[in-house]
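1. Return a 3D structure for these sequence lines:
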Amino acid sequence: MAKRVTPAVRAGANEMMALVDSAFVRALADSSRLEVFRVLLLNGPGNVGELSSQLPFDRSVVSRHLKVLEDAGIVRSQWHGRERRFSVDATTFVGTLEAIASNARRLIDLCCPAER
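-> Below you'll find the predicted structure:
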């Protein structure tokens with residue numbers, strides 16, 4: 001027998017879905033972007049050429065992945081002369097993970113009530 005979903009439960013579920021359907025989570029959900037992220041974590045800052053030399057992707061593909069990661073607040077870029085160098089934005093990355101976890105903890109009882 002199906003349970004009646006209350007407006008509060010529906011609102012909590014919608015808010016939880018917004019957390020997991022965020023640009024941040026979507027950016028990390030792609031295995032190729034995770035590989036770019038891993039290279040940055042292991043080797044530190046680099047330009048598109050340096051990063052693509054350590055990955056099985058063309059420069060244009062690495063550049064597109066870096067754009068998504070940067071838009072999501074996972075990496076940042078800085079110009080050094082004529083080259084743009086990318087690095088992990090650790091403060092924003094950890095802060096976003098903490099915010100997601102905190103919001104999920106707040107929503108869990110509302111959107112996912114345990115069976116009684």
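2. Please determine how far the residue nearest to Val36 when sequence neighbours are not counted is located from Phe57.
-> Nearest non-adjacent residue to Val36, counting by CB to CB, 6 or more residues apart in numbering: His65, 4.7 Å away. In this view, the C-beta of every residue, glycine as well, is placed from N, C-alpha and C. His65 sits 7 Å away from Phe57, going by CB to CB, to the nearest Å.
3. Can you pull the residues that touch both of these two?
-> The contact sets of His65 and Phe57 overlap at 32, 36 (CB atoms under 8 Å, 6 or more residues apart in numbering).
4. okay, those two: which has more neighbours?
-> Comparing His65 with Phe57 by other CB atoms under 10 Å, the one with more neighbours is His65, at 24 against 16.
5. from what I can see the more buried one touches Ser31, true?
-> No: if you go by CB atoms under 8 Å, His65 and Ser31 don't touch, sitting 10.6 Å apart.
6. Contact partners for Ile100?
-> 19, 22, 24-25 are the contacts of Ile100 under CB under 8 Å, 6+ apart.
7. closest to Gly95 among those?
-> Phe24 (10.4 Å; CB to CB).
8. How about the closest one, nearest residue that isn't a chain neighbour?
-> Ala72 (4.7 Å).
9. Could you give the number of residues near that neighbour?
-> Ala72, neighbours per other CB under 10 Å, totals 20.
10. Can you report phi and psi for it?
-> phi -80, psi 0 (degrees, to the nearest 10).
11. ok, it - contacts?
-> Ala72 neighbours (CB under 8 Å, 6+ apart): 23-24, 26-28.
12. Could you do Asp89 as well?
-> 73-76.
13. out of these, who has the most neighbours?
-> Counting by other CB under 10 Å, top hit in those: Val75 with 25 neighbours.
14. Wait, that one touches Arg84, no?
-> No: with contacts counted by CB under 8 Å, Val75 stays clear of Arg84, the gap being 11.2 Å.
15. measure the spatially most central residue of the chain to Thr6 for me?
-> Closest to where the C-alpha atoms of the chain average out (CA atoms, centre = their mean) is Phe24, at 2.8 Å. Distance of Phe24 to Thr6, given as CB to CB: 29 Å.
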